[in-house]
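> Sequence and predicted model, in that order:
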Amino acid sequence: MDTADRDRSGRPAPAIAGTLDAGSQAPGPAGEGAGATGQAGNTPVSTAPGGTTPVDTAPVSAAPVDTAESPSTGEAGDAAGSLAPAEPPQPPAADRPARAAMGPSWLRRAIRTPFARHAALLLVFLAAGVAVTWPLATYLTGYLPEYRDTASYVWGFYWVAHQVTHLGNPWFTTYQAAPVGVELGFHTLMPLPGLLFTPFTLAFGPAFSYNLLATLLPGLLCYAMYRAARLWLRSATGAVAAGAFFGLSSMLTQQTWYHLNIALGALFLPLALEASVRLRRNPGRRQAVILGLVMGVAVLTDQESAVLAAIVTGLVLLPWLLRRPSWARLWPVVLATAIGAVVASPQIVAMLQEVVGSRGSLAISPQLLAVSYKQYGIGLPGMFTPTPRVSNFGLGALAGPFLHGRDNEGMPMFGTVLTVMAIFGLIVSYRRRSAWLLAALWAGCAALALGTSLWIGKQQYIPLASVWNGVRVSGLMPYTWFVRIPGLSTFREADRLAILGLLPAALLAGAAVDWLRYHARPLIAVVAVAALLEAGYAGSAKVGKMPASYPAADKAIAADHSSSIVLDLPFGLRGGIPVDGVPFFPKALVMATADGHPRSIAYTSRLPFRTKLALDAHPFYADLIAIQHEVPLTCPWQAPDQPDSVNGCLHPYGVSVPGAWAVPASVATKNTPAELAKARRDAARMNIGWAVVWKRNGSVSNFVLPYLRATGFHFLDRTCGKDSVLVYQRSAKPLPPVKGPCLR
C-alpha cells in the first residue's frame, strides 16, 4: 500500500485498472505484463518524469464493473481502468434483428453506461445482503430484535426526527433520565443517518427507519469494499469477491443485527481507504474534499469507527508524506483535515460541551475500564475457525466453539474460508510490497483483538503478568499497551479491532480470487460455495424479536398530552459504564417513541456520574432503586436443612442471586411513613404520571408494587396475554374500575 516495487519500473504496463501500488500506466500490447503471466506481483509500473514516485501519478478513474476481456490474455479490455466502455463493433447483419428485439438503441446505450453497471452491481450486493441476513428483512413488517441496543437506535431515530422538526439540539435530551436529562455527545446517536432517514421516520416510524437501514447495510458494505478493492486488483471478479468477503461476513452481519452503529461505521473503512489512495495518486482539491467529507461524515455516524477510519487514512498517507515531504503533497491533506473538521464540528462541539459541562464527572474510573478491557478479548483458535453460520446448513460439527474471554458483544471471527483465501492471496502476491503491508495490518489487528490476556481453548494465559488498576494483564499482549495511548483508553472493546483487520483480509482474499480468475477459474465456484456456508447471520434465538409498537399498553398514556413522565419497571440507567438501577426491558424505550412522553429510564453509551447523582438525589428514585434490589427472605422451596438453597429465590430481573457465602440481609426494610410521604411529594413534583410494569416476580410483587401504591400510584389496567403489562397512574384517589378483563 505504500509504494510500488522498486524493480518493476522499467517493464511495460498492461491496460488494467489502477492499483494501490501501481503508478501511471500505458496500455501495452496483448500478452504483455500481468495478463500474460497472471501474477499480481508482476504488475509493471512506469516511473513518472522528474523522479516522482509511481503512486503519485496513478490514474484515479474508477474501474469498470464488468469489462470485456481478451481471450488470449484475460486482461480487462478497458484501457487505464476507464469507466467508459470501448465502442463495440457493429454486429453482423444477421444479428441485427436480435439486437433490435432487445429494445431501442437508447436503452441499449443506457445499459452499457458505467452508472448502469455500478447500479446493477449494487442491486446484486443488496440482494445478497438480504439473503444472508434473512429473516432480518421481514422485520420491516413491524418487528425488532428484542435487544436494548436495538431499542436505543430506534429511539435515536425518533429523537433526531423530533429535534429536526422542532429545530432543537439532538445532543441533549430530557426524554431520558427525566426530569434530569442526559447529554448525548458520546452516545451512539448516529445523528447524520437519523437526519437522512427523517422522512422515513416521520412517514413510517423510527422502527421502519432502523430496519430499512439494517436491511440495506450489508449490500452497501459490499459495494464500498468493491470500490476500494478495484484500485488494487486487476479484475472486477477479484474486487467483487473482496466486497462479498467484507460486507457479507458473519462479523459485520452480526453487528448489523444488534449493533447497527458499529456495522454502519465499518462502511467508512473502505471509503476512507479509497479516498486516501486516490488522494495519493492525484493530490488536488477534488480528492481532498472527498476525503474530508468521508472523515467528517464518519464522525457524525459513529465516533469509534471514525477512529478506525482515521487509522486507515494515516497508514495510507503518512508514509507518502514523510518519504518526500513537499507542500504539493501536504496542502491537500491539510485541506482534507480542515473540511473533515468543519463537517464533523457539530458532533465535536457537542462532545466538548459534554466534557466541559460534566466538570470531570464524565471520566470513567480506571478500575472500571481495566475490568471491562478483559471482557471483550477474542480467543484462539475461535478467531479463525468456521463461523457458527455453518450449523444452519447441517454442519454443526465443523463449527468450532467461539472461544473468547468472559464476555463479548459480537462475532469477531474471520472464519476459515476467509483466512485460507487471505493467506493464499498473500502467497500469489508475494512480490507486491503492499500485499505484505496488508498482511501486517491484518496480523496486527488480530493480535490487538485478543485483548489483555491470551485465551487458548478454555485456558487463559497471562504471560509477563502485571497488575494494572487492580486487574491482572499481560505485558506481552499489544492491546495492553494500545489502551494506554492518550485518547484511546475508552476503546474498551478489543474485539472491535478485528473489524479493522477484516479490511486487509478481504483485500488479500480478493487477490486470491483474482489469481484463480486467470489460472483456475472453475475453483472460484468451489470457493464461492464454501464462503457462502460461513457468510451472513440469521439472528440469535436467545434474543428473539419484539413488536415495534404496543398500542394496548400505550393507549391511555398516548391519550395523555400533559407530557408527564412515564416510569418503566424494572427501572435503571443502563448502557455503558457506569450504570445505575437494574436492566430495563427494551420494549419500554420502543414504546416511548410512540407516545412521546419523557421516560425515567435511560440507555446511553456514557452516563455522566453527575447525572447519576442528580437522579439519585430524588427520594422517589433513590428508594425505588434500593427496593428493586430486595429479595424475599424465604423461598417456597427452600429446604430447612439447606440454607444455601436461598440461591434459588426469586430475585429482580438483572440482579444477581446471593452466592452461597452471602446472607440475604437486604430484605424488606420497610420505609417509614415519613419517607414514603417524602417520596410521594417528590414524584408529584417531578410530574411522574404513569408507571408501566413490564415484569412480575416475587420481588416486584412483594416490594415494588406496594411501593408504587404507597407513593400515590393506582392500578389502571393490564394487557392480555401471558406476559401481561400492568399500567398504573398517579392520582390523588383510587381510579374507577376498568371495564373489560384486559387491554387488547
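Thanks, I have the structure now.
> how much space between Phe424 and Leu318?
Relative to Leu318, Phe424 is positioned 29 Å away (criterion: C-beta to C-beta, to the nearest Å). The C-beta positions use only the backbone N, C-alpha and C, and glycine is treated the same way.
> of these two, who's got more company?
Neighbour totals were compared for Phe424 and Leu318, and Phe424 leads with 18 against 12 (other C-beta atoms under 10 Å).
> how close does the closest residue to Leu217 other than its chain neighbours sit to Ala505?
Nearest residue to Leu217, sequence neighbours excluded (C-beta to C-beta, 6 or more residues apart in numbering): Thr256, at 5.2 Å. Noted for Thr256: a distance of 18 Å to Ala505, by C-beta to C-beta.
> Which of those two has more residues huddled nearby?
Ala505 (32 against 25).
> what about Ala588, neighbour count?
Look at Ala588: counted by other C-beta under 10 Å, it has 26 neighbours.
> List phi and psi for it.
Backbone torsions of Ala588, given as degrees, to the nearest 10, read phi -60, psi -40.
> The stretch 601-744 of the chain: helices as residue ranges?
Here the stretch 601-744 of the chain has its helices, by DSSP state H, counting those that start in this stretch, at 609-616, 619-628, 673-686, 698-699, 705-710.
> what residues are up against Tyr139?
Tyr139 is in contact with 145, 211, 214, 545, counting by C-beta atoms under 8 Å, 6 or more residues apart in numbering.
> at 7 Å instead, please
Listed by C-beta atoms under 7 Å, 6 or more residues apart in numbering, the contact partners of Tyr139 are 211, 545.
> before we move on, what about Tyr550?
Counted by C-beta under 7 Å, 6+ apart, Tyr550 has contacts 587, 591.
> hmm, try it at 10 Å
557-558, 587-588, 590-591, 594-595, 692, 694, 719, 725, 743 (C-beta atoms under 10 Å, 6 or more residues apart in numbering).
> you'd agree Ala683 is up against Leu624?
Yes: with contact defined as C-beta atoms under 10 Å, Ala683 reaches Leu624; the gap is 9.5 Å.
> overlap in contacts of those two?
Joint contacts of Ala683 and Leu624 (C-beta under 10 Å, 6+ apart) are 567, 618, 691, 708, 711.
> For Gln459, see how far away the first one is.
I take that to be Leu567. 46 Å.
> Those two: which has the busier surroundings?
Taking neighbours as other C-beta under 10 Å, Leu567 and Gln459 compare with Leu567 leading, 26 against 9.
> Doesn't the more buried one lie inside a helix?
No: going by DSSP: H, G, I helix; E, B strand; the rest coil, the assignment for Leu567 is strand, not a helix.
> and it, what pLDDT?
pLDDT recorded at Leu567 is 97.
> again, but for Pro547
Per-residue confidence (pLDDT) for Pro547: 94.
> Same question for Trp106.
We have a pLDDT of 72 for Trp106.
> did I read that right, it in a helix?
Yes: counting by three-state DSSP, one finds Trp106 located in a helix.
> which parts of stretch 126-145 are buried?
Within stretch 126-145, the residues scored as buried using 16 or more other C-beta atoms under 10 Å are 126, 128-130, 132-133, 136-137, 139-140, 143-145.
> now, among the residues you listed, which is nearest to Ile364?
Pro145 (27.4 Å; C-beta to C-beta).
> residues contacting the closest one?
136, 139, 151, 153, 210-211, 214, 257-258, 260, 539-540, 543-546, 586.
> just Gly142 next, same as before
205, 207-208, 211, 547-549.
> 7 Å instead?
Per C-beta under 7 Å, 6+ apart, neighbours of Gly142: 547-549.
> picking that back up, please tell me how far the residue nearest to Leu217 sits from Met190.
Relative to Met190, and taking C-beta to C-beta, Thr256 is found at 13 Å.
> One more: Tyr430?
Distance from Tyr430 to Met190, by C-beta to C-beta: 41 Å.
> Compare those two and say which one has the larger neighbour count.
Met190 (23 against 14).
> ok, the more buried one touching Thr301?
Yes: applying C-beta atoms under 7 Å, one finds Met190 in contact with Thr301, separated by 5.7 Å.
> The contacts of Pro145 in helices, which ones?
Applying DSSP state H to those, the entries found in helices are 151, 153, 210-211, 214, 257-258, 260, 586.
> What is the nearest of the residues you listed to Gly296?
Leu260 (20.1 Å).
> if I pick the closest one, what's in contact with it?
Applying C-beta under 7 Å, 6+ apart, the residues contacting Leu260 are 153, 210, 213-214.
> distance of it from Ser152?
Between Leu260 and Ser152 the computed distance is 10 Å (C-beta to C-beta).
> next one: Leu167
Leu167 is 24 Å from Ser152, by C-beta to C-beta.
> more crowded one of the two?
Set side by side, Leu167 and Ser152 show more neighbours around Ser152, with 24 against 6, by other C-beta under 10 Å.
> any idea of the pLDDT on the more buried one?
Looking at Ser152, its pLDDT is 96.
> Find the nearest non-adjacent residue to it, please.
Nearest non-adjacent residue to Ser152, counting by C-beta to C-beta, 6+ apart: Tyr603, 4.6 Å away.
> next one: Leu532
Using C-beta to C-beta, 6+ apart, the nearest residue to Leu532 is Val132, at 7.9 Å.
> And Tyr461, by the same measure?
Leu454 (4.5 Å).
> what's the spacing between Val307 and Arg517?
35 Å.
> Look at these two and report which has more neighbours.
Arg517 (21 against 16).
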